[in-house]
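Novice: got a predicted model here, sequence first, then my questions.
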Amino acid sequence: MIASFRFVLVLALIAAAVALCLPFAEAVPFRVPVDRPTLLTGLVLLGGLGSVVSGVLVAVSTFGLLRFRGWARALAWWATALVAVSASAMAAVTPIYGALSSSARVLFLVAVAAWFAALALMYTRPVRARFLVRR
């Protein structure tokens, strides 16, 4: 169970990293009016900033989860919530997800499935016991 937990964590991180490196299937025709800020401008800035911060939080929590640190479990849930909020903000106002290539979509789906599998495995008896051991 411990090996499965580590495997899905690494799979999620690698799949997301590779998906982020793939080119878009088409150009993204989108303009943000920066000279007169609107709600659209705010949502794009919120989504972009949230994406950067959540990427850092996911990487840090993955490192902590791989080392079975207790703080990493809570950080993983906070990072997941921030990813959901920032991705929703970006999806609501930009056509960026429609421009992703098929390969990127599949890799993001694999990353999300593996991440949630890791979150579920955190609470199985063998993995949970590793988090409770003081180091």
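Specialist: Nice, thanks for sending it over.

Novice: going forward, measure contacts and count neighbours with C-alpha atoms only.
Specialist: Fine.

Novice: per-residue pLDDT, residue 20?
Specialist: Note on residue 20: pLDDT of 88.

Novice: quick one: what helix or strand has the residue lying closest to it once chain neighbours are set aside in it?
Specialist: Leaving aside its chain neighbours, residue 20 sits nearest to residue 104 (7.3 Å; criterion: Cα to Cα, 6 or more residues apart in numbering). Using DSSP states H and E, the element containing residue 104 is helix 102-121.

Novice: show me where the chain has helices.
Specialist: With DSSP state H, the ranges of helices along the chain come out as 2-21, 39-66, 70-93, 102-121, 125-132.

Novice: related to what we said a few turns ago, average pLDDT for the helix holding residue 104?
Specialist: In this model, helix 102-121 has a mean pLDDT of 95.

Novice: for the chain, which spans come out with low pLDDT?
Specialist: 30, 32-33, 134-135 (pLDDT under 70).

Novice: find the residue at the geometric middle of it.
Specialist: Centroid-nearest residue in the chain: residue 83, 5.3 Å away (criterion: Cα atoms, centre = their mean).

Novice: quick one, what contacts that one?
Specialist: By Cα atoms under 8 Å, 6 or more residues apart in numbering, residue 83 lies in contact with 50, 51, 54, 55.

Novice: make TSV out of those residues and add distance to residue 15 and neighbour count.
Specialist: What follows is those, written out as TSV (distance: Cα to Cα, whole Å; neighbours: other Cα atoms under 10 Å):
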residue	distance to residue 15	neighbour count
50	20	21
51	16	21
54	16	23
55	13	18
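
Novice: let me know the closest of those residues to residue 1.
Specialist: The closest of these to residue 1 turns out to be residue 55 (Cα to Cα; 26.1 Å).

Novice: tell me the contacts of that closest one?
Specialist: Residue 55 touches 79, 83, counting by Cα under 8 Å, 6+ apart.

Novice: can you tell me how far the residue nearest to the centre of the chain is from residue 74?
Specialist: In this view, residue 83 and residue 74 are 14 Å apart by Cα to Cα, to the nearest Å.

Novice: give me the neighbour count for the residue lying closest to residue 22 once chain neighbours are set aside.
Specialist: Spatially, and ignoring its direct neighbours in sequence, residue 22 is nearest to residue 104 (6.4 Å; Cα to Cα, 6+ apart). Using other Cα atoms under 10 Å as the criterion, residue 104 is surrounded by 23 other residues.
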